[in-house]
Structures are given as structure tokens and as C-alpha cells.
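Asker: model this:
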Amino acid sequence: MNLKNNNDRFYSLNNYLKETFGHKIYKVSLDGGFTCPNRDGSISTRGCLFCSDRGSGEFTGERGKSITEQIDEQLEFISNKNEDNNVIAYFQNFTNTYGPIEYLRKIYYEALSHKKVVGIAIATRPDCLNDEVLELLSEINEKFFLWIELGLQTAKDNIAEIINRGYETKCYIDIAKKLNEKNIKFVTHMIVGLPHETKDDLIETVNLINDVNSWGIKIHLLYILKKSQLERYYNKNNFKVYERDEYTDIVVDLISRLKPSIVVHRLTGDAKKEDLFLPLWSADKRGVLNEIQKKLKGRNIYQGKEWG
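Answerer: The predicted structure is shown next:
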């Protein structure tokens with residue numbers, strides 16, 4: 001997509017999927033019944049500082065129901081806005097490659113066998129992609145539409161230690177190389193607003209995402225949930241929480257530095273309003289996205305303008 005001569009200021013997932021499938025494709029978020037090595041004691045029992053009790057999957061299907069049942073229920077929910085009814089099955093919360101290989105094969109192929117599913121997306125950690133899992137993903141990738149999501153959050157290991165990420169950035173770099181070698185698309189998550197993180201740190205993270213040839217990116221706002229581990233940390237340490245104008249300014253700058261070919265999946269984060277502690281402005285997701293678009297246009301910024 002030539003963004004210089006296009007009304008679009010960044011290469012959105014919506015545009016990519018329309019180009020690929022010929023029409024709008026929605027995602028249905030599934031709970032695969034997983035936990036995480038950062039919660040079960042393998043690495044830690046605390047989890048990442050920013051992660052919710054549901055493993056950042058507040059909008060997934062109901063745990064305990066089959067993958068097929070979850071897909072059917074979510075298809076019913078979006079039926080009024082999804083005329084074609086084709087979807088990506090998104091294994092979202094916790095770590096969706098952290099389990100026996102037989103179980104992974106079973107649930108991935110159960111999703112792919114659904115007549116309305118045109119592909120799958122799998123959210124995981126770089127340290128939970130061993131060779132056996134990579135072979136299974138490669139097998140699926142040869143026959144179906146697939147992308148993997150990696151929770152990097154930050155390129156800075158000192159910040160990663162504060163948020164209890166549980167692995168070094170080198171692990172992400174190594175896995176990115178392996179995924180690229182197998183032609184498996186991957187999306188990298190980064191968070192804006194982590195404790196003690198600077199603007200230069202954020203730019204370093206975007207530069208790394210560019211350098212490892214990530215297929216996609218998700219830029220999340222750090223929001224704080226009530227009664228969460230992060231709220232307790234905030235009350236003790238009182239780190240900076242961005243105002244809306246500051247956040248949207250930063251996102252516009254990051255977009256300008258992002259390689260043009262990278263597919264933008266997300267530009268903010270959202271939580272259930274009743275669970276939100278800070279920042280309260282983040283509950284207006286549509287308003288935040290509109291402000292980003294307005295600033296991109298007003299400053300004549302497009303994705304990749306300052307890349308390279």
C-alpha cells in the first residue's frame with residue numbers, strides 16, 4: 001500500500017485482510033484453557049505486572065466450552081455486522097502455545113475445521129515456542145492462514161525486569177529469526193506507558209520491531225485495572241500515567257518511524273469501564289483513535305515517513 005498517495009495514514013489490519021480475502025474479516029477471541037509459565041511457577045507466580053487475572057483476555061469466549069461452541073457463540077454475537085460471516089479464530093489470553101503438543105494440535109485444527117474460520121491467530125510468548133511447537137505451526141502455515149502474536153512489550157531489559165516479563169529481549173530476537181525462516185507471520189506487542197520508560201525507550205522498541213521484520217504490530221496503552229497488581233505498584237511508586245494528548249502524540253511519532261510494510265493491528269488498549277482505575281480517558285477508545293487520525297492528517301504524518 002502506497003501511503004504517500006493514499007487517504008490511509010497507516011497500513012491497518014482491516015485493509016490487509018480486505019486485500020487478502022476480498023472483504024472485511026472479523027476476529028473471534030477464544031479461551032484455549034491455558035495458563036502461563038510466568039504464573040504457574042515455572043518462571044514466576046506473579047505474572048507480568050500489566051496482565052489481568054484473565055490473562056488479558058477480558059473479551060474472550062467462555063473457558064470450559066469447546067472451541068467450536070465458543071466460535072458459534074461469538075459468530076452469533078457479531079452476525080448483525082458480519083454479512084460474510086468469515087472470521088479469524090484468535091487464541092488470545094494467557095500463553096496459547098504452553099501445553100502438550102497433542103492438545104495444541106487438537107484445538108488449532110478444531111478451530112480451522114469450522115466452516116466460517118478462514119485462519120487462526122495465536123498469542124504467546126517468545127520463550128514458549130520450542131522446536132516441536134514451531135514444527136506444528138509450520139505445518140499449519142503451509143496449509144492455512146496463520147499469524148503468531150509475541151508479547152515483547154519493550155526492548156529494554158531493565159524495563160522488562162520491572163514488569164516481570166520473565167525473558168530477555170534476545171529470546172524475542174532469536175524467535176523472530178526462526179519464525180521468519182519458516183515464513184510464519186508474527187505480530188509484536190508493545191506497550192506505551194510502562195513504569196519508568198522514556199520516549200527514547202519507545203523508539204528503541206519500534207526500531208527493534210522494524211529490524212526483526214515483524215509482520216505486524218500492536219501498540220497498547222498501559223491502563224491500570226482496579227484491585228490489580230499494577231494498581232498496587234502505582235500506589236507505591238506513583239509512576240507517570242500519560243494524558244490523552246501525550247499518548248496520541250507519542251503514537252503518531254511511533255507510526256512515523258514504523259516500516260511501511262508492517263501491518264498495524266492496534267493503536268490503543270481498552271478495558272471494561274467498570275474495571276478501569278487509570279487513565280479514565282482510555283475508556284473512550286473511539287475518541288482516542290479519532291484523535292490519532294486527526295493528528296496524523298494535521299501534521300501530514302504517514303507510516304514510515306521517518307523510517308530508515
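
Asker: for the host helix or strand of residue 246, list every residue counted as buried.
Answerer: Assigned by DSSP states H and E, residue 246 falls within helix 244-257. By neighbour count on 16 or more other Cβ atoms under 10 Å, the buried set for helix 244-257 is 244, 247-257. No exception for glycine: its C-beta is placed from N, CA and C like everyone else's.

Asker: that helix - contacts with which helices or strands?
Answerer: With contacts taken as 3 or more Cβ pairs under 8 Å, 6 or more residues apart in numbering; DSSP states H and E, helix 244-257 sits against strand 185-192, helix 199-211, strand 216-221, helix 285-298.

Asker: chain center to it: distance?
Answerer: The chain centroid and the centroid of helix 244-257 are separated by 18 Å under Cα atoms, centre = their mean, to the nearest Å.

Asker: strand 216-221 and that one, what's the angle between them?
Answerer: Orientation note: helix 244-257 sits at an angle of 160 degrees relative to strand 216-221 (axes from the mean of the first three to the mean of the last three Cα atoms, to 10 degrees).

Asker: immediately after helix 244-257, which helix or strand?
Answerer: Scanning forward in sequence from helix 244-257 by DSSP H and E, the next helix or strand is strand 263-266.

Asker: so which elements touch that next one?
Answerer: Strand 263-266 packs on helix 13-21, strand 216-221, going by 3+ Cβ pairs under 8 Å, 6+ apart.

Asker: dump these to CSV, plus distance to residue 189.
Answerer: CSV is the format used below for these (distance: least, Cβ to Cβ, whole Å):
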stretch, distance to residue 189
helix 13-21, 13
strand 216-221, 5
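
Asker: any idea which of those is most buried?
Answerer: strand 216-221 (a mean of 24; mean count of other Cβ atoms under 10 Å).

Asker: how close does residue 132 sit to residue 34?
Answerer: Distance, residue 132 to residue 34, by Cβ to Cβ, to the nearest Å: 16 Å.

Asker: just residue 137 next, same as before
Answerer: Taken as Cβ to Cβ, the span from residue 137 to residue 34 is 15 Å.

Asker: mind checking how far the nearest residue to residue 116 once chain neighbours are set aside is from residue 190?
Answerer: Using Cβ to Cβ, 6 or more residues apart in numbering and skipping the chain neighbours, the partner closest in space to residue 116 is residue 85 (5.3 Å). Counting by Cβ to Cβ, the gap from residue 85 to residue 190 is 32 Å.

Asker: ok, these two, which is more surrounded?
Answerer: residue 190 (22 against 11; other Cβ atoms under 10 Å).

Asker: so what's residue 239 up against?
Answerer: Counting by Cβ atoms under 8 Å, 6 or more residues apart in numbering, residue 239 makes contact with 195-196, 233.
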